[in-house]
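Q: kindly return the folded structure for what I paste below:
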Amino acid sequence: MGEFNDLIPEFVDESLEHLKNIEKDIIILEKRATDNELINRVFRVVHSIKGGSSFLGLKNIERLSHKMEDIFNMVRSNDLEFTSRISSKLLKSIDKLREMLESSEESDRFDISANLKALDACFIDTPPAVFSEKLKLDVGGGETLEIDKYTFESLKKRGNKIYHIQFELKEGENENFSTPLEFFREVEKMGEIVERSVDMELVLRDDSFTGEGIPLNIIYSSVLDKDIVAHIFGVEERRVKELKEDRL
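A: Numbers count the residues shown, from 1 in each chain. Model (predicted):
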């Protein structure tokens with residue numbers, strides 16, 4: 001957890017509040033399994049918990065919420081039917097997430113193997129291995145990166161563009177947020193952060209990175225054009241590269 005320890009209480013409080021709400025939503029979904037608004041709302045909460053826990057280094061919370069996100073990703077793409085059986089397993093995983101959030105400092109010591117196995121069993125016709133299939137994507141200058149094939153294709157199917165952004169997040173430079181977590185919430189109002197990671201090597205590779213902020217690698221999905229995405233992130237347009245499918 002290290003340097004971001006001071007952000008954890010904010011993340012925990014917000015996540016616990018969200019879990020209360022989606023617990024009710026999941027129960028409602030048993031009767032309204034095709035309610036896209038409800039499905040998307042639950043997906044975004046789980047996605048937010050996954051992203052925040054990844055950024056803060058809470059690995060078990062990230063792993064479990066990521067698996068839940070995979071399920072809702074397939075449900076909202078109409079590749080998996082939401083059933084009471086799936087609902088039951090998700091509710092048990094929410095209980096486990098709550099336990100880990102309430103003991104965040106010890107969360108990586110929790111045993112989540114049973115929850116992961118139960119969630120894997122939800123993929124009846126589509127094995128969970130589908131999310132380990134990778135696409136190699138061209139980011140320009142001869143560089144490529146890999147993201148999972150299913151996520152990429154499902155986002156493109158919904159008409160989204162997918163961007164790779166490298167930049168340094170400095171607190172105090174944007175009056176619209178006071179912490180990195182607030183920044184992530186703001187940019188996700190107009191798109192979806194597919195992946196985020198702190199990349200300290202950017203400070204060594206690129207002279208424009210000062211080391212005064214947080215060097216970030218972001219994969220971002222949005223219907224918006226490149227120049228608008230650059231404006232949202234507060235970066236030069238050259239920092240935003242639209243990802244094009246390359247050969248595996």
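Q: strands along this structure, start to end?
A: Assigned by DSSP state E, the strands in the chain fall at 134-140, 143-148, 161-169, 192-198, 214-222, 240-242, 244-245.
Q: please enumerate the helices of this structure.
A: Along the chain, the segments classed as helices by DSSP state H run 8-29, 36-56, 59-76, 84-102, 113-120, 149-157, 180-187, 201-205, 226-233.
Q: flag every buried residue along the fourth one.
A: This means helix 84-102. For helix 84-102, the neighbour count (16 or more other Cβ atoms under 10 Å) marks 86-87, 89-90, 93-94, 96-97, 100-101 as buried. In short, each C-beta sits where N, CA and C put it, glycine included.
Q: for Ser54, find the nearest of the strands of the chain.
A: Closest approach to Ser54 among the strands of the chain (Cβ to Cβ): strand 192-198, 6.4 Å.
Q: name the helices or strands packed onto that closest one?
A: For strand 192-198, the contact count by 3 or more Cβ pairs under 8 Å, 6 or more residues apart in numbering; DSSP states H and E identifies helix 36-56, helix 149-157, helix 180-187, strand 214-222 as packing neighbours.
Q: so which of those comes closest to Glu168?
A: Among the helices and strands packed on strand 192-198, the nearest to Glu168 by Cβ to Cβ is strand 214-222 (5.4 Å).
Q: sheet-wise, list the partners of that closest one with their directions.
A: Under the criterion DSSP bridges, strand 214-222 sits next to strand 161-169 (antiparallel), strand 192-198 (antiparallel) in its sheet.
Q: can I get those strands in TSV with mean pLDDT, mean neighbour count and distance to Gly211?
A: TSV is the format used below for those (pLDDT from 0 to 100; neighbours: other Cβ atoms under 10 Å; distance: least, Cβ to Cβ, whole Å):
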stretch	mean pLDDT	mean neighbour count	distance to Gly211
strand 161-169	91	20	8
strand 192-198	88	18	12
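Q: let me have these in CSV, extended by distance to Glu10.
A: Formatted as CSV, the strands paired with strand 214-222 follow (distance: least, Cβ to Cβ, whole Å):
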stretch, distance to Glu10
strand 161-169, 16
strand 192-198, 17
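Q: quick one: closest of the ones you listed to Ile8.
A: Closest approach to Ile8 among these is made by strand 192-198 (15.0 Å; Cβ to Cβ).
Q: run through the chain and note the low-pLDDT ranges.
A: Scanning the chain for pLDDT under 70 picks out 1-3, 125-131, 139-144, 171-177, 246-248.
Q: out of the strands of the chain, which is closest to Phe82?
A: Proximity to Phe82 (Cβ to Cβ) singles out strand 192-198 among those, at 20.1 Å.
Q: good, wrapping up.
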